[in-house]
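>>> What would the 3D arrangement of this be:
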Amino acid sequence: QVQLVESGGGLVQAGGSLRLSCAASGRTFSDYAMGWFRQAPGKERQFVAAVNRFGTHTWYADSVKGRFTISRDNDKNMVYLQMNNLQPEDTGRYYCAADSVSATIRDRPMAIKSWGLGTLVTVSS
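Take a look at the predicted model:
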């Protein structure tokens, strides 16, 4: 499996921005579609965004469309999540995920084999 390490979380006021990063290692990065998920306290993990293997297609949860942007750099084995206009409901632990099939990330997260440990994002009102 590919190993994933997230970074970039922190405390930010509502309306602010953060950029999350996920470093991948162990496998050929461009073999994997990548995604971001989040889990708020007491809630289930939910899909946030995904990008295909070569960065040509992206998908977003309705709740983050127009505010979040996922991108990847296959030369650096990195995937990013730029988060703008953050709101308190965006608070949670954000996880990076990898799978060889984009549809698995979008539609079947329980089947994803590679997860990072997450980075915590807290948005104060």
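>>> list the contacts for the residue nearest to the spatial centre of the chain?
Residue closest to the average C-alpha location in the chain (CA atoms, centre = their mean): residue 36, at 2.0 Å. Neighbouring residues of residue 36 by CB atoms under 8 Å, 6 or more residues apart in numbering: 20, 22, 48-50, 70, 79, 81, 94-97. Any C-beta I mention is one placed from the backbone N, CA and C, and that applies to glycine too.
>>> measure the nearest residue to it once chain neighbours are set aside to residue 18 for me?
Once flanking residues are discounted, residue 36 sits nearest to residue 48: 4.3 Å by CB to CB, 6 or more residues apart in numbering. When CB to CB, to the nearest Å is the yardstick, residue 48 and residue 18 sit 13 Å from each other.
>>> Looking at those two, which one has more neighbours?
residue 48 (24 against 21; other CB atoms under 10 Å).
>>> in what helix or strand does the more buried one lie?
Counting by DSSP states H and E, the element that carries residue 48 is strand 46-51.
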